[in-house]
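**Q** no sequence on this one, just coordinates:
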Ligand code: SAH
């Protein structure tokens with residue numbers, strides 16, 4: 001069995017938080033279950049213990065660092081959507097650490113979500129639901145439109161595409177965390193130019209360095225300030241093919 005790194009110092013020094021022994025054990029169970037599922041369905045190419053720890057576990061959780069620090073019995077339960085969850089990131093580590101949050105894992109690839117259902121059964125993650133559809137379709141369904149407190153998106157496309165997927169799903173005052181690598185002034189200018197049309201505003205850009213390989217990460221945080229006009233998101237495929245400018 002491949003053992004994940006267990007150093008709590010690395011969590012503490014970077015995120016000012018550390019997993020409990022129980023969470024640490026469940027990270028290992030999650031890793032084992034993903035590797036097993038990965039033999040049937042292509043969920044991830046990141047499989048070595050150190051890479052999985054840094055690029056999946058640590059990275060998924062660094063995006064929600066502000067909530068980690070206030071996680072406690074009294075913190076409110078959030079309704080969260082992980083748009084384009086793929087192999088379950090960032091949604092699954094987040095679900096594991098925040099059992100009082102309800103996390104919808106959304107992905108257009110039904111096969112991946114079916115594999116994630118098996119993973120969740122193995123790990124005993126029961127605060128997730130599965131939406132095997134395109135974000136552009138889900139966002140027009142009354143059950144989901146303007147229904148989420150928090151949207152998470154990692155590696156789903158250009159930032160303006162991500163904003164068009166996420167903002168229609170957020171409640172007023174809700175936030176989207178866009179997980180990015182490098183972040184340029186040009187991207188920021190392009191994003192701020194279109195946010196108002198979607199009812200969003202740019203709240204914060206946080207940067208982090210990954211603890212094992214010193215990679216650059218940015219979290220771009222959007223807040224839903226006004227209702228998103230019904231025309232957004234545009235028809236399936238359009239936000240990716242022709243991002244708003
Ligand atoms: N978030 C994961 C996976 C990234 S790969 C990670 O960071 O590891 C991108 C995933 O987004 C793929 O699984 C793809 O099926 C999904 N995806 C891309 N566009 C989508 C859309 N419009 N609606 C739903 N899922 C989408």
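**A** Perfect, I can see it now. Here the structure is a predicted model, which means the values were calculated and not measured.
**Q** For the ligand, see how far away the residue sitting nearest the centre point of the chain is.
**A** Central residue of the chain (Cα atoms, centre = their mean): residue 152, 3.3 Å from the mean position. Using Cβ to the nearest ligand atom, to the nearest Å, residue 152 is found at 8 Å from the ligand. All C-beta spots, glycine's among them, are computed from the backbone N, C-alpha and C.
**Q** Residue 175 is in contact with that residue, correct?
**A** No: counting by Cβ atoms under 8 Å, residue 152 sits too far from residue 175 to count as a contact (9.7 Å).
**Q** which residues of this protein fall in strands?
**A** 79-83, 102-106, 128-131, 148-154, 170-180, 200-209, 216-224 (DSSP state E).
**Q** In its sheet, which strands sit next to the last one, and in what direction?
**A** Think strand 216-224. Each strand that pairs with strand 216-224, with its direction, by DSSP bridges: strand 170-180 (antiparallel), strand 200-209 (antiparallel).
**Q** ok, and what's touching that strand?
**A** Strand 216-224 is contacted from outside by 59, 62-63, 146, 159, 163, 166-167, 170-183, 191, 195, 199-210, using Cβ atoms under 8 Å, 6 or more residues apart in numbering.
**Q** Just the buried subset of those, please.
**A** Listed as buried from the contacts of strand 216-224 are 59, 62-63, 146, 159, 163, 166-167, 170, 174-180, 183, 191, 195, 199-200, 206, 208, 210; burial here means 16 or more other Cβ atoms under 10 Å.
**Q** and the ligand, which of the residues you listed contact it?
**A** Among these, no residue lies close to the ligand (Cβ under 6 Å from any ligand atom).
**Q** picking that back up, which stretch among the strands of the chain comes nearest residue 11?
**A** Nearest to residue 11, of all these, is strand 200-209, at 12.5 Å by Cβ to Cβ.
**Q** distance between the closest one and the chain's centre?
**A** Here the centre of strand 200-209 is set off from its chain's centre by 14 Å, with Cα atoms, centre = their mean, to the nearest Å.
**Q** List the contacts of that strand.
**A** 14, 62, 65, 163, 167, 175-176, 183, 188, 191-192, 195, 215-225, 228.
**Q** what ranges do the helices span in this structure?
**A** Assigned by DSSP state H, the chain shows helices spanning 8-15, 21-38, 49-51, 59-62, 65-68, 91-97, 110-123, 135-138, 159-166, 185-198, 238-241.
**Q** Let me know the distance separating residue 105 from residue 95.
**A** 8 Å (Cβ to Cβ, to the nearest Å).
**Q** Now for the two: what residues contact both?
**A** residue 128.
**Q** what stretches of the chain score poorly on pLDDT?
**A** 1, 71-73 (pLDDT under 70).
**Q** Kindly report the residues of it close to the ligand.
**A** The chain comes close to the ligand at residues 84-87, 89, 106-109, 112, 134-136, 154-156, as judged by Cβ under 6 Å from any ligand atom.
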